[in-house]
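A.B. asks: Predicted model, plus sequence, below.
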Amino acid sequence: MITSQDIKAAAKRLGADLVGIGSIDRWSTAPIQMDPKQIMPNAKSIIALGFRVMRGSLRGVEEGTYFSNYSSMGYGGITYIYMPMTVINLSKMIEDAGYEAVPMGHQSDWRAIDNVGFMRENYSRPVAPGKAAPDVMVNLRIAGFLCGLGEIGYSKMLLTPEFGPRQRIGIIITDLELEPDPIMEPGTLCNRCMACVRECPGGCIPADRTVKDNIGGYDLEWADVDMTRCDWTFQGGEECKEGEYGNYFDHVWSPGWKGKFKSSSISPFPKAPNPLYNSGKAVCGAKGCTRACMISLERRGVLKNKFVNPFRTQKPWSVDWSQEPHKVDYKAPYEGKDSPNNTKWDTKTD
Ligand code: SF4
Ligand code: SF4
């Protein structure tokens, strides 16, 4: 018989940083569109796997010099390559033992609810009465909480004792009965320091508006995060004022956004860069909900993943789009290492 210990050892071997297990009864109050039993009616357990976002993946955004690494290696690459491989390989082990395993190692872009939690209009219909509209999307952060990996912080991020807010979660739904892990007591890590509120560049995390729910028998409360605002802010966009025109998103598919957004002070790009690995487009580098929170938790010394040097070493930068760009004293032809005209090291890297 395959045990929780077997699952955990295999998950770590296969590349997960964190593994926790929750019994299906913990999802008894899940909304129908997020209910794992809608996907597997005889499910017994959920296995949550955590994949760390490298602290180094946030370095280039923190310095203001290298933005794509977080969106690729810390976001899209984990979500669409590294995590699915681990989740699928662990699922194979469960199915080899005669139990079914639903490998959920991605964000389900076909889900019937939008980012805010509302049903997408005219998108899909339930196939029978009592069934959810396709696709169901199990909330991955809450799954992390219900499987004992960590708690939901004020920012609505999953905070773990190992990495704070710095991980992505994949899950496996299975009819294999496994020994569950204890749920982490809310308030173990999040001390309501509100660094996430202060540093979110779009003011998307309100200090005075919260959501409360009883989940897995625990009373939880987190900020009523403005997900619509976060959607454009994290990509580096800022809403134009009345009478202004902005084309920050005009080249990408964003219905209703044409002409309405300009570059914000956390974006050095005049137009939004393309997504990396399908979903990675976090120009903001999760400034409030991840970087500020991580800095706060590291300063308090409550995280297990310790570093020799502090993450933040200078005042955060910002771009003033009303000013001319910073001048660089280029001399052409110029072969010094600071010159953009130095073609000795070309950009072809393959
Ligand atoms: S920044 Fe502070 S208040 Fe916000 S989630 Fe992290 S620990 Fe909680
Ligand atoms: S991703 Fe960026 S914009 Fe969205 S809540 Fe986090 S810090 Fe704010």
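C.D. replies: In hand now; what should we look at? Ligands and ions are numbered 1, 2, ... in the order given.
A.B. asks: for ligand 1, what are the nearby residues on the stretch 101-250 of the chain?
C.D. replies: Contact residues (CB under 6 Å from any ligand atom) of the stretch 101-250 of the chain with ligand 1: 153-155, 190-196. C-betas here are computed from N, CA, C, even on glycine.
A.B. asks: 5 Å - rerun?
C.D. replies: Neighbours of ligand 1 within the stretch 101-250 of the chain, by CB under 5 Å from any ligand atom: 153-155, 190, 192-193, 195-196.
A.B. asks: Tell me where the stretch 101-250 of the chain has strands.
C.D. replies: For the stretch 101-250 of the chain, the strands defined by DSSP state E, counting those that start in this stretch cover 101-104, 151-152, 158-159, 167-174, 210-215, 218-223, 237-239, 246-247.
A.B. asks: give me the element Leu297 is part of.
C.D. replies: Using DSSP states H and E, Leu297 sits in helix 293-300.
A.B. asks: on that earlier part again, return the subset of the residues of the stretch 101-250 of the chain next to ligand 1 lying in helices.
C.D. replies: Judged by DSSP state H, the subset of these located in helices is 195-196.
A.B. asks: out of the residues of the stretch 101-250 of the chain next to ligand 1, which are buried?
C.D. replies: Those of these that meet the buried threshold are 153-155, 190, 193, 195-196, by 16 or more other CB atoms under 10 Å.
A.B. asks: gap between stretch 161-169 and the chain center?
C.D. replies: Centroid separation for stretch 161-169 versus its chain: 10 Å, with CA atoms, centre = their mean, to the nearest Å.
A.B. asks: repeat for stretch 101-116
C.D. replies: 13 Å.
A.B. asks: now swap in stretch 30-43 and tell me
C.D. replies: 22 Å.
A.B. asks: Give me the pLDDT value at the residue found closest to Gly74 once you drop the neighbours it is linked to in the chain.
C.D. replies: Of all residues not flanking Gly74 in the chain, Ser57 sits nearest, at 3.5 Å (CB to CB, 6 or more residues apart in numbering). Among the per-residue scores, Ser57 holds a pLDDT of 98.
A.B. asks: A helix includes Ser57, no?
C.D. replies: Yes: per DSSP: H, G, I helix; E, B strand; the rest coil, Ser57 lies within a helix segment.
A.B. asks: So it versus ligand 2, what's the distance?
C.D. replies: Applying CB to the nearest ligand atom, to the nearest Å, the value for Ser57 to ligand 2 is 14 Å.
A.B. asks: how much space between that residue and Leu159?
C.D. replies: 18 Å (CB to CB, to the nearest Å).
A.B. asks: cool, Asp175 as well?
C.D. replies: Separation of Asp175 from Leu159 (CB to CB) stands at 30 Å.
A.B. asks: between those two, which one's more packed in?
C.D. replies: The residue with more neighbours, out of Asp175 and Leu159, is Leu159; 29 against 17, by other CB atoms under 10 Å.
A.B. asks: didn't Ile46 look like it was pressed against Leu176?
C.D. replies: No: counting by CB atoms under 8 Å, Ile46 sits too far from Leu176 to count as a contact (10.6 Å).
A.B. asks: Having no further points to raise, I will conclude here.
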